[in-house]
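# model the following, please.
(one chain, ligands or ions: 1)
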Amino acid sequence: MKLLTTLLSLCSALAVSTAALAEYPDRPITMVVPFAAGGPTDVVARSLAQAMSTSLKQTIVVDNAAGAGGTIGSNKVAKAAPDGYTVLLMHIGMSTAPALYKNLPFDPLKSYEYVGLVVDTPMTLIAKPTMAAANVKDLLAYLKSNGNKVTMANAGIGSASHLCGLLFMSAIQQDLTTVPYRGTAPALNDLMGGQVDLLCDQTTNTTGQIQAQKVKAYAVTSAQRLANFKDIPTLDESGLAGFRVGVWHGVYAPKGTPKPVIDRLVQALQTGLKDPAFSKRMSELGATVYDSKDATPQALKAQLESEIAKWTPIIRKAGVYAE
Ligand code: ASP
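Predicted structure coming up:
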């Protein structure tokens, strides 16, 4: 009798969850962005949310859970209900956090189900509008004699701007004073106002301000010059050989999110990446949209694993970590 009751309740639980899956999504989905509103991750998320919501026939609401270089928002999703109604858009920081944080409250390799890769965004080394140096060579010379009073903004330990700054300081063999923000949207505002001197940030945030000449652009972090900025050299060609960072982004869901839900999200992501409005916006902002075959859990997992393996020794060598 006891067995029968257990079986019956199991069957009804299964029926409920199957029904719930069949209707998924039947209410708005939250996409957590672990950085400030108006910044580069937020810009990608809002565009992507729009593109994915068409195929999901549900609204995707962006929730900016900023702070601690993206780890607060990432942790929020790691601890959220695994029901498909909370997802995360996070970038390269997912692969650098394990080496940077001694007590990371989540595990990038264990706390999530992977949905897929989204875009890859180059970065730009920019300065306040009154920075006198005319080019990278002059900037490096200026930093050599004034480095101790030059400030470099970032979005906290674990952010892409932090990683770029770390690589830059290691390449020029000089420490600068770093100033953390909750995202590079407020950092860029302060750069334009002259409150900080330097910032290395994604083109999804800096393109408009570079075009409007509200900041000084020195270099890009891609291997080749960018189509949107043919006159801005790469750091690699400007004397920092081998300097290269591309900020890849992925969509994650809490561990335990049912497979049919993940499949539905993957389908919406693949459709979303092909949305002409999304790809147009991304290309205007210098970001490269991943091919549909990379908008899969397998591709995101493989990317994450290889990036953790790539960055961990570099970060350990730099000796930087947060508690
Ligand atoms: N992507 C971050 C933001 O949206 C900044 C960063 O990672 O540097 O503000």
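
# isn't S222 right up against T121?
No - under the criterion of C-beta atoms under 8 Å, S222 lies out of contact with T121, with a separation of 9.5 Å. C-betas here are computed from N, CA, C, even on glycine.

# tally of neighbours for the residue nearest to T177 when sequence neighbours are not counted?
Closest residue to T177 apart from its sequence neighbours, by C-beta to C-beta, 6 or more residues apart in numbering: T151 at 4.8 Å. Using other C-beta atoms under 10 Å, T151 has 16 neighbouring residues.

# how about T151, what does it touch?
L176, T177, T178, V179, V196, D197, L198 (C-beta atoms under 8 Å, 6 or more residues apart in numbering).

# and if we set it to 7 Å?
Counting by C-beta atoms under 7 Å, 6 or more residues apart in numbering, T151 makes contact with L176, T177, V179, V196, D197.

# D190 versus that one, what's the distance?
9 Å (C-beta to C-beta, to the nearest Å).

# rewinding a little: next, the residue nearest to T177: phi, psi?
When quoted as degrees, to the nearest 10, the phi and psi of T151 stand at phi -110, psi 140.

# buried sites along stretch 231-242?
I232, P233, T234, L235, D236, S238, L240 (16 or more other C-beta atoms under 10 Å).

# closest to the ligand among the residues you listed?
Using C-beta to the nearest ligand atom, L235 is the member of the buried residues of stretch 231-242 that lies nearest the ligand, at 16.4 Å.

# which residues touch the nearest residue to the closest one once chain neighbours are set aside?
Nearest non-adjacent residue to L235, counting by C-beta to C-beta, 6+ apart: F243, 3.9 Å away. Residues counted as contacts of F243 (C-beta under 7 Å, 6+ apart) are L167, A171, T221, L235, D236.

# same question, T221
P122, M123, C164, L235, F243, R244, V245.

# by neighbour count, which of these wins?
Counting by other C-beta under 10 Å, top hit in the contacts of T221: M123 with 31 neighbours.

# quick check: that residue is in a strand.
Yes - under DSSP: H, G, I helix; E, B strand; the rest coil, M123 falls within a strand.

# got the phi and psi for the residue nearest to the spatial centre of the chain?
The structure's the chain has its C-alpha centroid closest to H91; by C-alpha atoms, centre = their mean the separation is 2.5 Å. Main-chain torsions, H91, degrees, to the nearest 10: phi -110, psi -160.

# could you do K102 as well?
phi -70, psi -40.

# write out the residues of this structure neighbouring the ligand.
Contact residues, the chain versus the ligand (C-beta under 6 Å from any ligand atom): 35-36, 39-42, 91, 93, 155, 159-161, 183-185, 202.

# mind listing residues that contact the host helix or strand of F168?
Here F168 is covered by helix 160-172, with elements defined by DSSP states H and E. Applying C-beta under 7 Å, 6+ apart, the contact partners of helix 160-172 are 69, 91-93, 96, 123, 140, 143, 152-156, 175-176, 178, 184, 187, 199-202, 221, 240, 243, 245, 247, 318, 320.

# circling back to that earlier point, with pLDDT as extra columns, can I get the contacts of T151 in CSV?
Converted to CSV, the contacts of T151 look like this (pLDDT from 0 to 100):
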residue, pLDDT
L176, 94
T177, 95
V179, 96
V196, 98
D197, 98
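
# in strands only, show me those.
T177, V179 (DSSP state E).

# quick one: the residue nearest to L235 and A141, what's the gap?
Taking C-beta to C-beta, one finds F243 at 17 Å from A141.

# then T86?
49 Å.

# those two - which one has more neighbours?
For T86 versus A141, the count of surrounding residues by other C-beta under 10 Å is larger for T86: 20 against 11.

# pretty sure N205 sits against G38.
No - judged on C-beta atoms under 7 Å, N205 makes no contact with G38 at a distance of 8.3 Å.

# could you pull out the strands for the stretch 51-200 of the chain?
60-64, 86-91, 112-127, 151-154, 177-180, 198-202 (DSSP state E, counting those that start in this stretch).

# hmm, I was thinking of the stretch 201-323 of the chain
So, for the stretch 201-323 of the chain - with DSSP E, counting those that start in this stretch - the strands run 216-220, 246-254, 288-289.

# format these as TSV; extra columns: mean neighbour count, distance to L300 and mean pLDDT.
TSV is the format used below for these (neighbours: other C-beta atoms under 10 Å; distance: least, C-beta to C-beta, whole Å; pLDDT from 0 to 100):
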stretch	mean neighbour count	distance to L300	mean pLDDT
strand 216-220	24	25	98
strand 246-254	24	4	98
strand 288-289	18	14	98
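
# among those strands, which comes closest to Q298?
strand 246-254 (11.9 Å; C-beta to C-beta).

# packing partners for the closest one?
Packed against strand 246-254 by the contact rule (3 or more C-beta pairs under 7 Å, 6 or more residues apart in numbering; DSSP states H and E) you find helix 71-78, strand 86-91, strand 112-127, helix 259-273.

# would you reformat those as CSV and include mean pLDDT?
Formatted as CSV, the helices and strands packed on strand 246-254 follow (pLDDT from 0 to 100):
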stretch, mean pLDDT
helix 71-78, 98
strand 86-91, 98
strand 112-127, 98
helix 259-273, 98
